[in-house]
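Engineer: A structural model of the following input is requested.
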Amino acid sequence: MKVLELGDSISRFRFVQCCVGLAGCLCVSYAVWTPCWLKNKGLWTEWNNTNSDQTNHKDSNVFSALEAERVFGVLSFLMAVSTGALSLVFALCWTSKTVLSYSNTRSLLIAGQALYPTTLLLLAMASTGFFFLLSWSFFTYQHREEIGKDFSKLGSSYWLGALGWVLLLVVETIVFVAEQLVVPDILPDLEKAVEASRVAQFKSANRSFSDSYHPGYSKCSIAPKRYMSSP
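Structural biologist: Take a look at the predicted model:
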């Protein structure tokens, strides 16, 4: 199995997408579970907002925002783990011949479709970045007054989280659009490759059948005699 196939533009764009996705997933995973968001506190820190928690209505709003940012943070972490693993698979194991090994490739081509790993990467990364962006936005909105007073209180986890969703949502989309504009459609080449593979398999099957076929010959060299009944 060939690893890191970078011979054509399709493989290079796929590898760039995998690197972007892996970096974004690492940033998201680090940000979710580390406390350095604001004043060395993070998503899992209990905040005492004495200025804003003066009424029960405000208390419920703060509680809802806190729960929402934690829920979306956990979802984004789970998505980041899955997307990071998917990026490693496509970067290290996927080649131009991998799609030919699927049994339903020809049926997909007949329907005018194909397996595009970059599209799957885009969907996975966009979902991960979107969930984390929700968590990041809830946190920013909840502590907007403290952040507005002093930006220097924001920690590395907050900024790495921002870098993570920018990579997964913005940079990944730019790379995908650039690939669609630069890389030609793979369907014609894929159809030719599948047809050539099918013809080669057909010829190989016929050759093996002809080699295994041996017509039987009579082992008896004596001509058959004709027997007539005597009167």
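
Engineer: the protein: helices as residue ranges?
Structural biologist: 9-33, 56-92, 105-110, 117-142, 144-149, 156-165, 172-182, 187-212 (DSSP state H).

Engineer: Leu43: which of these is closest?
Structural biologist: Shortest distance between Leu43 and the helices of the chain, using CB to CB, is found for helix 56-92: 5.1 Å. Any C-beta I mention is one placed from the backbone N, CA and C, and that applies to glycine too.

Engineer: how much space between Val71 and Phe139?
Structural biologist: 12 Å (CB to CB, to the nearest Å).

Engineer: and the closest residue in space to Gly129 that isn't next to it in sequence, what pLDDT?
Structural biologist: Once flanking residues are discounted, Gly129 sits nearest to Leu168: 3.0 Å by CB to CB, 6 or more residues apart in numbering. Leu168 is assigned a pLDDT of 95 by the prediction.

Engineer: so which of Val71 and Phe139 has more stuff around it?
Structural biologist: For Val71 and Phe139, the more surrounded residue by other CB atoms under 10 Å is Phe139, and the numbers stand at 25 against 14.

Engineer: now the more buried one: closest residue in space that isn't a chain neighbour?
Structural biologist: The nearest residue in space to Phe139 (CB to CB, 6+ apart) is Glu69, at 5.0 Å.

Engineer: what about that neighbour, neighbour count?
Structural biologist: Count around Glu69 with other CB under 10 Å applied: 20.

Engineer: what sits against it?
Structural biologist: 43, 134-136, 138-139, 142 (CB atoms under 8 Å, 6 or more residues apart in numbering).

Engineer: before we move on, what about Glu172?
Structural biologist: 17, 20-21, 24, 121-122, 125-126, 129.

Engineer: pick the one among the residues you listed closest to Ser11.
Structural biologist: Among those, and counting by CB to CB, the member closest to Ser11 is Gln17, at 10.8 Å.

Engineer: now do the contacts for that closest one.
Structural biologist: Gln17 touches 87, 90, 118, 121-122, 125, 172, 175-176, 179, counting by CB under 8 Å, 6+ apart.

Engineer: what distance do you get for it to Thr83?
Structural biologist: Counting by CB to CB - Gln17 and Thr83 are separated by 11 Å.

Engineer: re earlier: same list (the contacts of Glu172) but as CSV, adding distance to Lys153 and pLDDT.
Structural biologist: As requested, the contacts of Glu172 are exported to CSV (distance: CB to CB, whole Å; pLDDT from 0 to 100):
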residue, distance to Lys153, pLDDT
Gln17, 35, 93
Val20, 29, 95
Gly21, 30, 94
Gly24, 25, 95
Leu121, 35, 91
Leu122, 35, 92
Met125, 30, 95
Ala126, 30, 94
Gly129, 25, 95
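
Engineer: just the CA trace of stretch 40-47, in CSV.
Structural biologist: Below are the C-alpha coordinates for stretch 40-47, written out as CSV (Å, rounded to 0.1, in the frame of the first residue of the first chain):
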residue,chain,number,x,y,z
ASN,A,40,-7.4,30.9,34.0
LYS,A,41,-11.0,29.6,33.9
GLY,A,42,-12.7,27.6,31.2
LEU,A,43,-15.9,25.9,30.1
TRP,A,44,-16.0,23.7,33.2
THR,A,45,-15.4,26.4,35.8
GLU,A,46,-18.2,27.6,38.0
TRP,A,47,-18.5,31.3,37.6
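
Engineer: who touches it?
Structural biologist: 32, 34-37, 62, 66, 69-70, 73, 135, 139, 142-143, 155, 157.
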